[in-house]
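*Asks:* return atomic coordinates for the entry below.
(4 chains)
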4 protein chains.
Amino acid sequence: MKLTKEQLEEIKDQQSQKYNTKRVTAPELENILYEAIPILDHGFIRVVDYMGNDTSIVQAARVSYGKGTKKVNTDSGLIKYLMRHWHSTPFEMCEIKYHVKLPIFIARQWIRHRTANVNEYSARYSILDKEFYLPKPENLAAQSQINRQGRGDILEGDQAKKVLDLLKTDAERTYNNYEEMLNERYDGTIINKDGVGLARELARMNLTLNTYTQWYWKTDLLNLMNFLRLRADSHAQYEIRAYAEAMLDTLKKWVPITYEAFMDYRVGGTEISAKGKLIIKKLIKGEKVSIDDSGLSKREWNELMISLDLKDKLI
Amino acid sequence: MKLTKEQLEEIKDQQSQKYNTKRVTAPELENILYEAIPILDHGFIRVVDYMGNDTSIVQAARVSYGKGTKKVNTDSGLIKYLMRHWHSTPFEMCEIKYHVKLPIFIARQWIRHRTANVNEYSARYSILDKEFYLPKPENLAAQSQINRQGRGDILEGDQAKKVLDLLKTDAERTYNNYEEMLNERYDGTIINKDGVGLARELARMNLTLNTYTQWYWKTDLLNLMNFLRLRADSHAQYEIRAYAEAMLDTLKKWVPITYEAFMDYRVGGTEISAKGKLIIKKLIKGEKVSIDDSGLSKREWNELMISLDLKDKLI
Amino acid sequence: MKLTKEQLEEIKDQQSQKYNTKRVTAPELENILYEAIPILDHGFIRVVDYMGNDTSIVQAARVSYGKGTKKVNTDSGLIKYLMRHWHSTPFEMCEIKYHVKLPIFIARQWIRHRTANVNEYSARYSILDKEFYLPKPENLAAQSQINRQGRGDILEGDQAKKVLDLLKTDAERTYNNYEEMLNERYDGTIINKDGVGLARELARMNLTLNTYTQWYWKTDLLNLMNFLRLRADSHAQYEIRAYAEAMLDTLKKWVPITYEAFMDYRVGGTEISAKGKLIIKKLIKGEKVSIDDSGLSKREWNELMISLDLKDKLI
Amino acid sequence: MKLTKEQLEEIKDQQSQKYNTKRVTAPELENILYEAIPILDHGFIRVVDYMGNDTSIVQAARVSYGKGTKKVNTDSGLIKYLMRHWHSTPFEMCEIKYHVKLPIFIARQWIRHRTANVNEYSARYSILDKEFYLPKPENLAAQSQINRQGRGDILEGDQAKKVLDLLKTDAERTYNNYEEMLNERYDGTIINKDGVGLARELARMNLTLNTYTQWYWKTDLLNLMNFLRLRADSHAQYEIRAYAEAMLDTLKKWVPITYEAFMDYRVGGTEISAKGKLIIKKLIKGEKVSIDDSGLSKREWNELMISLDLKDKLI
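*Replies:* Below you'll find the model as predicted:
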């Protein structure tokens, strides 16, 4: 990650801001506020604003349940209770805003989470930076043969080199031609003083999907956790997971009690179907189980056995 | 409005909080943070948290439009431009949270604005307070004879007295019977030591719709303005307008530049249909206009003439 | 449930409609289209329109995954896969619209599900019907002593009679006074020819929360299932569960394959926390388990043991 | 537009479907159901399902306003009234689903409308088709010098030829290298029998933004009109406008009465600010107007004069 001089100055300015407020704060998050946390080769995330902390969740729940919550005498106990029973609205009372720089093909995955507010850099108005995502060799994986959306072994030697060469050469060439069509370099230099440039809203179509874009992304805590549960999961594409994992760390700094409950009940938890539960009950009683009368598909059976560490039962 | 001792203490505690933050603040809003602003006879609104200020809107817009916004050299000019051209996403970057106490029949209107987060006091868990909305005499209006959802003249004398008596007596009686069924007074006193109480989730059905409830209500600035445009309008029911008008004042303290643009382009603005525009063009040219060849209904015609202060053209 | 003559005629007219369409249909659902299914004493649900069926989900999934879905060779297998892995967007491709008549206190619970479209009967414009919900004796439960939002034993004898009397008398009296204030009966009769009526938007505040209202409620299949999972659950209030259970039946007629998967993975399924999973693994291995080193609260421990039918382990 | 044999067969099958239904239908829309309407060089839109028609809006409004709507005696009058007064919920009662093929850079604009359901072809699972958008010469516009997001004159001669060559060559080269990296052609041919292919989720990043993708897109009538108002507007980018204009035509076939009201009040309408209204009033009275004491910026002033056809007043 390489920040421009303007960006570095803006961050320094923001970090030196010091205001008084009567609002609740999250001291651990304040410590890293505005800081650019590097992701992939040129990307970053920065927390640029937030509202509320763990106590805001408790406050909202106590308004809802009135005197009814007096029995749960700790904030931690109440937050765990809310998480376990899928109470959603108290978690919507906190809000966070990120500034994110990310490759376009990842932005396209990300934007499918619709319950968030977004302001993206517009390539209709302005010229995109000359920055593309190029995977590190250890992330250059082959197509999985068993999972249509998964990755297999790491590519090696000549093939890895060839792939990286193609990605780099194509991104650079299409970017150079983008500048040619615009008749303007990304730093504002006019290429041909007597020429005219193609409209920006058209020229951008020549860029490859690994070009970096950036946006402000704001969401509430509930929807942030929904996003992280899917995108920090081992089945998520590596590149978006890299962002989600850094965001998990900001979650911990922001709402540490909620973070603990989230890791226990959501990230570390499992869902068992009605049919799966019957199998578990039999296993606990020491009865014999078999896929044949389980009603489970082979894939479901194996997923269940893996989640229970029963590798000898895989079929 | 009469706050309980606990509420007064909570507010005092919150108002004496003093934290350092690197986040942007809205100093005018900080001054009234947590304060209970009285509405109707027992209701209130309190701003209990917020995120962002006018500069957050500008910051988001400048990320979107990149160097493209450099020409608009003032924050005020940019915010007016965004408002005029219905750019919505930069206004979504600010968030505000209110604590509101309001009669149930108004809560039912309010909740129809779905793009907000809500935590309401639950009468399944806890007993509702013994407080009902009783209109002031000057707000006791007759049914309008021309507008099915409007109000006509103020009721007077005996009739007004009779209506207020009925409202008061019925609210008190149903509330007393609510307590009877619960076998518990609102202050926690058990009525009959050997009796059992009806489930709270059932007993509440005996309450009248003017009983007060309360909630935390959180929304972004764009949706707040959508709410205020409809609910601070002269066609809105008086009781919800009373809340909206107090909220307009908090909007002014929070984002003063946006407030000015909102009053000019939205609240004070008018929409003209294609057919209406043809009439206006004729009027400017000094040509004669008539409803007959206008394509407008009588109602539309009159709405247009009123908006142009042409009362002699009413039909 | 008692339908007016106009309603009966409208339903008859709608049911005799016969159109040709190239759209996919759900024959079982067509059979009950427009029919009023009675709920509680005066309520009903009617399916009044729908879009799509099980094949629409499959079609959307196949567009998303392209040739990648060819291996899953049955519609049923694909729908089960989507449900198990929480793929949400294909289920959003189907839409359903209900006409519902329900008590106001239930409408207030229902409306908290925000991702739906609603058109409710407006008591600002029109006079509400003279119909209130009065529970059957077997649904008159005492407040639970262990669960603040639950029900305990059924009330009996004199106490039950007294509660029903209070509910009935209060609802009738407040409704009569509503008519008095309006100076108009619900059938349109003017009470005092020389009098004027209070504005409808004000008079309605005198009604009790068990008064019936009605609305059109439209949602997509994903959000319908989210609603049903919460509201057909045994912890939901009986009165809303009565609606949810009737809607479960319409779900089965509309999308029978999705219904099966929903019952297996969602309604019959369980979520296990990371800590709970450790206990299950020990139980399967025949190891001794104890709450002391489990990290679970007493309540969590008991919930887990109940879900596994291990009643001897309750503490 | 060139459809594959499979697509043509699927469309033919769908168009020959003939079902009976009790649901309301939109006969004009049925006539073109499933038909692929060509947009740009390789794109299309197809209406693949819908729910409701003009009568559904009326029905919902009549439930809301009860007997209050009896006075408006025609469906057309009621729909115009609803549109004029921004009543939104009755228009949410209709739903439509499109199958759209479009270039990725347009898909990125489109997806910013969040209140819709989307299932997009996934390049993690499957290989994208070898199809790119190449503008027609008459759409190859220069960057506007006055409007940062607009288009200026059409490029001509050699420059136009050069731009088209660059776009074509770059799209083809990056696509060929995409196949190389995948070790598989788009028709399924394996390139090197002993080689392994890069994971699809990675290889896709080499494609340019004019590559075509496709999706199912479903939304309600209200949000469709919001989309069309912005995207069929003359300020929208030509390429998305081409889609919006074809969709306007499907709107007309689906809900002809709503379409008329939409064209009059929204598309053909104008919004006037409070300050602008003062100017209009003066103009009508024949008074002199001047930007100096108007409070309008130069840009606002000119926008107003253009909307009133007062070109002599431009400054």
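*Asks:* what about the closest residue to A:I104 other than its chain neighbours, how many neighbours?
*Replies:* Counting by C-beta to C-beta, 6 or more residues apart in numbering or on different chains, A:L209 is the residue found nearest to A:I104 once chain neighbours are left out, at 5.0 Å. The C-beta positions use only the backbone N, C-alpha and C, and glycine is treated the same way. Other residues lying near A:L209 total 23 when counted by other C-beta atoms under 10 Å in any protein chain shown.
*Asks:* repeat that for the one 4 residues further on.
*Replies:* Per other C-beta under 10 Å, the neighbour tally for A:T213 reads 22.
*Asks:* report pLDDT for the closest residue to chain B within the stretch 101-250 of chain A.
*Replies:* Taking C-beta to the nearest C-beta as the measure, the point where the stretch 101-250 of chain A comes nearest chain B is A:S126, at 2.9 Å. Confidence per residue is given as pLDDT, and for A:S126 that number is 89.
*Asks:* now do A:N73
*Replies:* According to the model, A:N73 scores 65 on pLDDT.
*Asks:* what helix or strand does A:H113 sit in?
*Replies:* With the criterion set as DSSP states H and E, no secondary-structure element contains A:H113; it sits in neither a helix nor a strand.
*Asks:* if we can go back for a sec, can you report how many residues neighbour the residue of the stretch 101-250 of chain A closest to chain B?
*Replies:* What A:S126 shows, counting by other C-beta under 10 Å, is a neighbour count of 20.
*Asks:* surely it is in contact with A:E201?
*Replies:* No - taking C-beta atoms under 8 Å as the contact criterion, A:S126 and A:E201 are not neighbours in contact, 10.9 Å apart.
*Asks:* can you map out the helices along chain A?
*Replies:* Counting by DSSP state H, chain A has helices at residues A:5-15, A:27-32, A:54-65, A:75-84, A:104-110, A:157-182, A:200-203, A:221-231, A:238-254, A:256-262, A:274-285, A:298-307.
*Asks:* stretch A:170-188: how far from the chain's middle?
*Replies:* If you compare the mean C-alpha spot of stretch A:170-188 with that of the full chain, they lie 30 Å apart, counting by C-alpha atoms, centre = their mean, to the nearest Å.
*Asks:* quick one, grab the pLDDT at the residue in chain A sticking out farthest from the centre.
*Replies:* In chain A, counting by C-alpha atoms, centre = their mean, A:D194 sits farthest out from the average C-alpha position, at 45.3 Å. A:D194 is assigned a pLDDT of 86 by the prediction.
*Asks:* what about it, distance to A:N183?
*Replies:* Summarising the geometry, the distance separating A:D194 from A:N183, computed by C-beta to C-beta, to the nearest Å, is 10 Å.
*Asks:* next, the buried residues of stretch A:229-236.
*Replies:* Buried residues in stretch A:229-236, counting neighbours by 16 or more other C-beta atoms under 10 Å in any protein chain shown, are found at A:R229, A:L230, A:R231, A:A232, A:A236.
*Asks:* quick one: the second one from B:R114, how far?
*Replies:* Read it as A:L230. Shown here: A:L230 relative to B:R114, a distance of 24 Å by C-beta to C-beta.
*Asks:* CA atoms only for stretch A:191-211, dumped as PDB, please.
*Replies:* Only the C-alpha atoms of stretch A:191-211 are listed here, as PDB (Å, rounded to 0.1, in the frame of the first residue of the first chain):
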ATOM      1  CA  ILE A 191      -1.000  13.700 -24.000                       C
ATOM      2  CA  ASN A 192      -1.800  15.500 -27.200                       C
ATOM      3  CA  LYS A 193      -2.400  19.200 -26.800                       C
ATOM      4  CA  ASP A 194      -4.500  19.500 -30.000                       C
ATOM      5  CA  GLY A 195      -6.500  16.300 -29.400                       C
ATOM      6  CA  VAL A 196      -9.700  15.600 -27.600                       C
ATOM      7  CA  GLY A 197     -10.300  12.900 -25.100                       C
ATOM      8  CA  LEU A 198     -13.000  10.200 -25.100                       C
ATOM      9  CA  ALA A 199     -15.600  10.700 -22.400                       C
ATOM     10  CA  ARG A 200     -14.500   9.300 -19.100                       C
ATOM     11  CA  GLU A 201     -17.700   7.400 -18.600                       C
ATOM     12  CA  LEU A 202     -16.800   5.500 -21.800                       C
ATOM     13  CA  ALA A 203     -13.000   5.100 -21.500                       C
ATOM     14  CA  ARG A 204     -13.300   3.300 -18.200                       C
ATOM     15  CA  MET A 205     -14.800   0.300 -19.900                       C
ATOM     16  CA  ASN A 206     -11.300  -0.600 -21.100                       C
ATOM     17  CA  LEU A 207     -10.000  -1.200 -17.600                       C
ATOM     18  CA  THR A 208      -9.600  -4.700 -16.200                       C
ATOM     19  CA  LEU A 209     -11.500  -5.900 -13.100                       C
ATOM     20  CA  ASN A 210      -8.400  -6.000 -10.900                       C
ATOM     21  CA  THR A 211      -8.200  -2.200 -11.100                       C
END
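*Asks:* so who does the residue nearest the centre of chain A touch?
*Replies:* In chain A, the centroid-proximal residue (C-alpha atoms, centre = their mean) is A:A244; its distance is 3.1 Å. Applying C-beta atoms under 8 Å, 6 or more residues apart in numbering or on different chains to A:A244 gives the contacts A:F227, A:L228, A:R231, A:A232, A:A236.
*Asks:* of all those, which comes closest to A:L78?
*Replies:* The closest of the contacts of A:A244 to A:L78 turns out to be A:L228 (C-beta to C-beta; 21.5 Å).
*Asks:* thought the closest one was touching A:L251?
*Replies:* Yes - with contacts defined as C-beta under 8 Å, A:L228 counts as touching A:L251 at a distance of 6.8 Å.
*Asks:* got any residues that touch both of those two?
*Replies:* Here A:L228 and A:L251 have A:F262 as joint contacts, going by C-beta under 8 Å, 6+ apart.
*Asks:* tell me if stretch A:121-140 is near chain D.
*Replies:* Yes - judged by C-beta under 8 Å from any C-beta of the partner chain, stretch A:121-140 comes into contact with chain D at A:S122, A:R124, A:Y125, A:S126, A:Y133, A:P135, A:N139, A:L140.
*Asks:* and the first one, its phi and psi?
*Replies:* When quoted as degrees, to the nearest 10, the phi and psi of A:S122 stand at phi -100, psi 120.
*Asks:* burial count for the nearest residue to it once chain neighbours are set aside?
*Replies:* The shortest distance from A:S122 to any residue other than its chain neighbours is 5.1 Å, reached at B:S64 (C-beta to C-beta, 6+ apart). As a burial measure, the neighbour count of B:S64 was computed by other C-beta under 10 Å and equals 23.
*Asks:* repeat for A:K298
*Replies:* Each residue near A:K298 was counted by other C-beta under 10 Å, and the total is 10.
*Asks:* that one contacts A:M305, doesn't it?
*Replies:* No - between A:K298 and A:M305 no contact is recorded; they are 10.8 Å apart, counting by C-beta under 8 Å.
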